[in-house]
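Asks: Give me coordinates for this.
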Amino acid sequence: MKRYLPQVALLLFALQVLLMLVSWLWSAAFPMSGVHSLLSEEGIRWFMGHFTDFLAKPQLVWVILLGLAYGTLVPCVRSHHQLKSYRERWALLMTVALLVVFLVAIAMLTLIPHAILLSATGSLWPSPFSSSLVPLVAFMTITLSAFYGFVAGRFAHLHDLYQALLDGVHAAAPLLLFYILLVQLWESLRYVIS
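Replies: Alright, predicted model coming up:
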């Protein structure tokens, strides 16, 4: 599957270029059709002026945070299907206890009446809790994985955790590229037909 990713990225880029050309030709051939050209003065100003606005969305942060979480989780579960040592069993038990503390804290912030993370109407969706769900899951995964990794000996030094976080960003890099290509293609298509 990984060997086809460059071709998919090239295809998305080619679709962006094709959309630019088709919008230009269509708006020139049918000026009253309501299609906006990406190659007109207005279209170029729109594309250049809004490029970062379309990318700066929560989903971009989610990809980065989930990549970090993935990076810390992988060394803790890689090739260790069964807990072999006393240290690993103890680390798992302590990590489960920390998970319970996290879950109780989240329950207290969301499930009791007038909880802090509920919306003004008292619902979970939409609310500050629902807006922060992905970052919260990523934070919990990073914290629990780091805790387990240090107690079980998977991370011997702070540098090991740092490297795991960087490895997660590296693993998420293809998603970042596809995020950029897909968002720009989608927003360009919306501009052309609006």
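
Asks: Could you double-check that residue 167 sits in contact with residue 71?
Replies: Yes - taking contacts as C-beta atoms under 8 Å, residue 167 lies within contact range of residue 71: 4.5 Å. Placement of C-beta: from N, CA and C, glycine included.

Asks: Looking only at neighbour counts, state which of those two leads.
Replies: A direct count of neighbours by other C-beta atoms under 10 Å for residue 167 and residue 71 places residue 71 higher, at 24 against 17.

Asks: can I assume that one is in contact with residue 161?
Replies: No - with contact defined as C-beta under 8 Å, residue 71 and residue 161 do not form a contacting pair (9.3 Å).

Asks: any low-confidence regions in the protein?
Replies: Counting by pLDDT under 70, the ranges of the chain that qualify are 1, 78-83.

Asks: what do you get if the cut-off is 50, keeping everything else the same?
Replies: Along the chain, segments meeting pLDDT under 50 are nowhere present.

Asks: Show me the helices in it, by range?
Replies: Here the chain has its helices, by DSSP state H, at 5-29, 41-55, 58-77, 86-110, 128-131, 133-152, 158-193.

Asks: Counting by contacts, list what the last one packs against.
Replies: Here helix 158-193 touches helix 5-29, helix 41-55, helix 58-77, helix 133-152, going by 3 or more C-beta pairs under 8 Å, 6 or more residues apart in numbering; DSSP states H and E.

Asks: Of all the ones you listed, which one comes closest to residue 189?
Replies: helix 5-29 (6.3 Å; C-beta to C-beta).

Asks: helices or strands up against that closest one?
Replies: Checked by 3+ C-beta pairs under 8 Å, 6+ apart, helix 5-29 has helix 158-193 packed alongside it.

Asks: chain center to the helix it packs on, what's the gap?
Replies: 7 Å (C-alpha atoms, centre = their mean, to the nearest Å).

Asks: repeat for stretch 28-45
Replies: 33 Å.

Asks: Just list the residues touching the spatially most central residue of the chain, thanks.
Replies: In the chain, the C-alpha closest to the average C-alpha coordinate belongs to residue 63, at a distance of 1.7 Å (C-alpha atoms, centre = their mean). Going by C-beta atoms under 8 Å, 6 or more residues apart in numbering, residue 63 touches 172, 175, 176, 179.

Asks: The last one touches residue 57, doesn't it?
Replies: No - under the criterion of C-beta under 8 Å, residue 179 lies out of contact with residue 57, with a separation of 9.0 Å.

Asks: quick one, which of the two is more surrounded?
Replies: Between residue 179 and residue 57, counted using other C-beta under 10 Å, the more crowded position is residue 179 (18 against 11).

Asks: number of nearby residues for residue 19?
Replies: 17.

Asks: Please disregard the earlier target; I meant residue 4.
Replies: Residue 4, neighbours per other C-beta under 10 Å, totals 9.

Asks: The one 3 residues further on now?
Replies: Close neighbours of residue 7, defined as other C-beta under 10 Å, add up to 9.

Asks: residues in contact with the residue nearest to residue 39 when sequence neighbours are not counted?
Replies: Nearest non-adjacent residue to residue 39, counting by C-beta to C-beta, 6 or more residues apart in numbering: residue 24, 4.1 Å away. Listed by C-beta under 8 Å, 6+ apart, the contact partners of residue 24 are 37, 38, 39, 40.
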